[in-house]
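Visitor: next come a sequence and a model predicted from it.
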Amino acid sequence: MALTGIQIYKLLPKTNCGECGVPTCLAFAMSLAAAKAELAACPYVSEEAKTELADASAPPIRVVEIGTGERKLKIGGETVLFRHEKTFINPTGIAVLVTDEMSDEDVAGRLERFKTLEYERVGLTLRADLFAVKSLSGDAGKFEALVTKVKSQTDGGIILMTEDPGVMEAGLKVCADRKPLIFAATKENAEPMAALAKEHGCPLAVKGDGLDEVSELTTKLTEGGLTDLVIDSGARTIRKAFEDQVFIRRGALLKKYKPLGFPTIALPCEMTDDFMQETLIASMFVAKYGGIVVLSDIQGHSLFPLLLARMNIYTDPQRPMATSPGIYEIGGPNEDSPVLVTSNFSLTYFIVSGEIEASRVPAWLIIVDTEGLSVLTAWAAGKFVGDIVGISLKKSGIMEKVRHKKVVIPGYAAAISGDLEEELGDWEVLVGPRESAHIPAYLKEWKA
Ligand code: SF4
């Protein structure tokens, strides 16, 4: 049973050093009890206390890892029902389905789109994560050949989909070193599937006919020593699958019901034949509360909005997205190119850099650390003012890179120009446009 805050407090060092991010051990204990902190944040917990606290500090939904290396996908670990309560942690994995009854052309198309459909947004690379390789034929040789093809052509995660342990073994023979998700253990095949998961150290999906059956299976498997489980409730209608997702999350978080304390997998590909409706269903499971969604295919016009929805839902609502401060070279600037300065709010950076690029005038863009605030908010908060911007410019090294002595500040920060000129000495401060959209026209007129 979970420990209370006071019970946890008794096991902490009680030195109130604050290194865990809160001022006292009691506050940390309360956060742990509410699953709003991780035990690892306190470097001084004794090994003995760690063992006792393991239960209390474990996330109510287990973190499960699929794959290896850079493309390893983490799912689960969520601690809240609604992202505004804290944040959602591990973004839903997006999987693309291929089967051993698809034509070579269909498989090749999906592999190609998986590799090429990548998007850069606010400094992040957005793309699909996994291939779900499914045996429809029941032929172990065909399955093995398809898994071999997928493994050799992508570095993404792999889900092996068959309920036949013999066919599963053929797939694992090829790709166990990539730690695929074994999908799925059912009431009928739980024992041999569990044996395969143990032998290869792979996570195992559990598929039941409803949540009672799922709970029985996860209990049996955890008692047998398997803890990296992923839940498929078995529902294939939108309403039932949605209800199950909510029930699982609420059961794990609010009732601390351990048999449902695992991430989930949802299969929009089996819920509709309409490709765009499938994307809509997937977006629903990204919001509530799919650990993985499996799609029948991906196209730019379906994947991109889904990736953006995922990015928005899984960004921390309490922390603005920020770009690293420093000098950014846009279009190969030289010593006569203009120097512009702005805040490190990611959106500001990407809009301003995009407009500079669009102007085709090479330029230097200096990003000042405003703790992720936009220009106007940062100015109001005293983080984008003359002395701070001046010091950032000097520290950035831009003065050694250009021959002229001019810097362009955002129009909305015109009020800092006097202080900035004072800070910079002999540099001239030019007030740029208020709206980023006017940057190209402004730059075309600019002269060193
Ligand atoms: S880091 Fe550990 S010892 Fe220090 S205040 Fe936090 S809980 Fe207490």
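Guide: Arrived safely, thanks for sending. Numbering: from 1, shown residues only.

Visitor: I'd like the next helix or strand past the helix or strand of the chain with the lowest mean pLDDT.
Guide: Of all the helices and strands that make up the chain, helix 47-57 has the lowest average by mean pLDDT, DSSP states H and E, namely a mean of 77. Per DSSP states H and E, the first helix or strand lying C-terminal to helix 47-57 is strand 64-66.

Visitor: distance from that following strand to the middle of the chain?
Guide: 13 Å (C-alpha atoms, centre = their mean, to the nearest Å).

Visitor: can you name every helix or strand that it contacts?
Guide: Counting contacts by 3 or more C-beta pairs under 8 Å, 6 or more residues apart in numbering; DSSP states H and E, strand 64-66 packs against strand 73-75, strand 157-161. All C-beta atoms are positioned from the backbone trio N, CA, C, and that covers glycine.

Visitor: ok, residues contacting stretch 324-337?
Guide: Residues outside stretch 324-337 that contact it (C-beta atoms under 8 Å, 6 or more residues apart in numbering): 344, 349, 353, 356-357, 360-369, 392, 396-398, 401-404, 448.

Visitor: any of these buried? List them.
Guide: Applying 16 or more other C-beta atoms under 10 Å to the contacts of stretch 324-337, the neighbour count classes 344, 349, 353, 356, 361-369, 392, 396, 398, 402 as buried.

Visitor: show me where the stretch 201-350 of the chain has helices.
Guide: Taking DSSP state H, counting those that start in this stretch as the test, the helices found in the stretch 201-350 of the chain are 211-223, 238-254, 275-287, 300-313, 346-359.

Visitor: turn those into CSV, including distance to the ligand and mean pLDDT.
Guide: What follows is these, written out as CSV (distance: least, C-beta to the nearest ligand atom, whole Å; pLDDT from 0 to 100):
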stretch, distance to the ligand, mean pLDDT
helix 211-223, 29, 97
helix 238-254, 23, 97
helix 275-287, 34, 97
helix 300-313, 30, 96
helix 346-359, 31, 92
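
Visitor: can these go into CSV with extra columns for distance to residue 337?
Guide: Below are the helices of the stretch 201-350 of the chain laid out as CSV (distance: least, C-beta to C-beta, whole Å):
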stretch, distance to residue 337
helix 211-223, 60
helix 238-254, 52
helix 275-287, 42
helix 300-313, 32
helix 346-359, 10
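
Visitor: looking at those helices, which is closest to residue 44?
Guide: helix 238-254 (28.4 Å; C-beta to C-beta).

Visitor: could you dump that closest one to CSV, C-alpha only?
Guide: Provided in CSV are the C-alpha atoms of helix 238-254 (Å, rounded to 0.1, in the frame of the first residue of the first chain):
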residue,chain,number,x,y,z
ILE,A,238,-14.0,4.0,-30.6
ARG,A,239,-16.3,4.5,-27.6
LYS,A,240,-15.3,1.3,-25.7
ALA,A,241,-11.7,1.8,-26.4
PHE,A,242,-11.9,5.4,-25.1
GLU,A,243,-13.8,4.4,-22.0
ASP,A,244,-11.2,1.7,-21.3
GLN,A,245,-8.3,4.2,-21.7
VAL,A,246,-9.9,6.5,-19.2
PHE,A,247,-10.8,3.7,-16.8
ILE,A,248,-7.2,2.4,-16.9
ARG,A,249,-5.7,5.8,-16.2
ARG,A,250,-8.2,6.6,-13.4
GLY,A,251,-7.8,3.1,-11.9
ALA,A,252,-4.0,3.4,-11.8
LEU,A,253,-3.8,7.0,-10.6
LEU,A,254,-6.8,7.4,-8.3
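
Visitor: next, count neighbours for the residue of the stretch 151-300 of the chain found nearest the ligand.
Guide: Using C-beta to the nearest ligand atom, the single residue of the stretch 151-300 of the chain nearest to the ligand is residue 256, 22.4 Å away. Applying other C-beta atoms under 10 Å, we find 14 residues neighbouring residue 256.

Visitor: any idea how far residue 188 is from the most centrally placed residue in the chain?
Guide: In the chain, the residue lying closest to the centroid (C-alpha atoms, centre = their mean) is residue 91, at 4.0 Å. Spatial separation of residue 91 from residue 188 under the definition C-beta to C-beta, to the nearest Å is 33 Å.

Visitor: likewise residue 82?
Guide: Taking C-beta to C-beta, one finds residue 82 at 37 Å from residue 188.

Visitor: now do residue 402
Guide: With C-beta to C-beta as the criterion, residue 402 and residue 188 are 72 Å apart.

Visitor: now do residue 212
Guide: From residue 212 across to residue 188, the span is 16 Å (C-beta to C-beta).

Visitor: can you check residue 48 too?
Guide: Separation of residue 48 from residue 188 (C-beta to C-beta) stands at 43 Å.

Visitor: try residue 379
Guide: From residue 379 to residue 188 the distance is 65 Å (C-beta to C-beta).

Visitor: neighbour count: the two, which is higher?
Guide: Taking other C-beta under 10 Å, residue 379 and residue 188 do not tie; residue 379 has more neighbours (21 against 9).

Visitor: next up, the contacts around that one.
Guide: 385, 412, 413, 415, 416.

Visitor: give me the buried subset of the residues you listed.
Guide: 385, 412, 413, 416.

Visitor: quick check: pLDDT value at the second one.
Guide: For residue 412, the pLDDT comes out at 94.

Visitor: and it, which of the three is it?
Guide: helix (DSSP: H, G, I helix; E, B strand; the rest coil).

Visitor: what sits against it?
Guide: 375, 376, 379, 434.

Visitor: now with 6 Å?
Guide: Contacts for residue 412 (C-beta atoms under 6 Å, 6 or more residues apart in numbering) come out as 375, 376, 434.

Visitor: make TSV out of these and add secondary structure.
Guide: Shown next, in TSV, are the contacts of residue 412 (three-state DSSP):
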residue	secondary structure
375	helix
376	helix
434	coil
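
Visitor: those residues: which ones sit near the ligand?
Guide: Checked against the ligand using C-beta under 6 Å from any ligand atom, the contacts of residue 412 give no members in range.
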